[in-house]
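Asker: my questions concern the predicted model and sequence given below.
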Amino acid sequence: MVNRVLASPKGPELSELVQGYWRVSDWNLSPQERLTFLKQHIDKGVTTVDHADIYGDYSCEQLFGEALKLDRSVRNHIEIVTKCNIKLLSEKYPNRKVKYYDSSAEHIQHSVNNSLAHLGVEHIDILLLHRPDVLMDADEIASTFAELQKSGKVLHFGVSNFTSQQFDLLQSRLSSPLVTNQVEINPINFSAAEDGTLDQLQQYRIHPMAWSCLAGGEVFSGSSTQATRLRITLEDIKEEIGAASIDQVIYAWVRRFPSKPLAIMGSGKIERVQSAIESLKLNLSREQWYRIWTASKGIEVP
């Protein structure tokens, strides 16, 4: 069973594994099948779900909402995370000439209202700003967040892909604490571990949410020397710790960070969800963790 944890000292309780729905438009499931999958992972303790307005070319929230509509009681058993501020080039917005970021009050309000309508819910548990926006006005965002919270449309706020400096800038203007930073964490991309992001979150006792834990499949099918070295080491450690697959080893590696990231899963197959849940029983020694680091980097630690 999956444990529940406080996202941050003043944040909501979330499940320590998060089900991502960014690919739900590719799963080819009927609304009833989507609902069945949702109930299955809720029953296993995975109650937190991750969305964004743009996923599936602006379709995934609505697909999820179609499933929720079939049994509205399910809403009482989940925490909905969604994101905004990316504007995609899309046939749905034919007048756009470039992909860009929009963290204006008008766009955040508009995006929240769209998400509520598409999901068919009365509130969002956590709203994240999806990407750092160079034109972000922290005072304007703070005012917008306060209005959304006062109206009951959004309960908590966080960010995604923010540096520690960007996080602190926004937090300096807010009356309520940011409850998470959703960042890429995997054995191929070490950016969040090396640029101070995870250090800051540990300092504030905030659980990061980890996206792309499996590096978009690069670990399994990549032909680079880095991916090849990494696979060999993951296979060795899989045997040592009794894991069923190398993806379980990767989830254990991600969770080993002291900031205790909440790993986001992207599969629509309940068997893959169960496999990730079983990884929670696995523990890596420091040496095993650094063997994976060394295999990825191709060099020993300094």
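Answerer: Looks like it arrived, so ask away.
Asker: in the stretch 1-150 of the chain, which spans are helices?
Answerer: Remark: helices assigned in the stretch 1-150 of the chain by DSSP state H, counting those that start in this stretch are 31-43, 55-58, 60-70, 105-119, 138-151.
Asker: paired strands for whichever helix or strand comes after the last one, with orientation please.
Answerer: Moving toward the C-terminus from helix 138-151, the first helix or strand encountered (DSSP states H and E) is strand 154-160. Partner strands for strand 154-160, per DSSP bridges, with pairing direction: strand 124-129 (parallel), strand 181-184 (parallel).
Asker: could I get the ones you listed as a markdown table with mean neighbour count?
Answerer: Every residue, glycine included, has its C-beta placed from N, CA and C. A markdown table is the format used below for those (neighbours: other C-beta atoms under 10 Å):
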| stretch | mean neighbour count |
| --- | --- |
| strand 124-129 | 25 |
| strand 181-184 | 24 |
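Asker: show me the shaky parts of the protein.
Answerer: By pLDDT under 70, the chain contains no weakly predicted segment.
Asker: one step back: winner for burial among the helices of the stretch 1-150 of the chain?
Answerer: Of the helices of the stretch 1-150 of the chain, the one with the most neighbours on average (mean count of other C-beta atoms under 10 Å) is helix 60-70, at a mean of 20.
Asker: just give me how far that helix sits from the chain centre.
Answerer: 19 Å (C-alpha atoms, centre = their mean, to the nearest Å).
Asker: can you list contacts of it?
Answerer: Applying C-beta atoms under 8 Å, 6 or more residues apart in numbering, the external contacts of helix 60-70 come out as 21-25, 31-32, 34-35, 38, 49, 51-53, 55-56, 74-75, 82, 114-115, 118-121.
Asker: mind putting the strands paired with strand 154-160 in CSV, distance to residue 214 included?
Answerer: Formatted as CSV, these follow (distance: least, C-beta to C-beta, whole Å):
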stretch, distance to residue 214
strand 124-129, 21
strand 181-184, 11
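Asker: contact partners for residue 93?
Answerer: So residue 93 contacts residue 87 (C-beta under 8 Å, 6+ apart).
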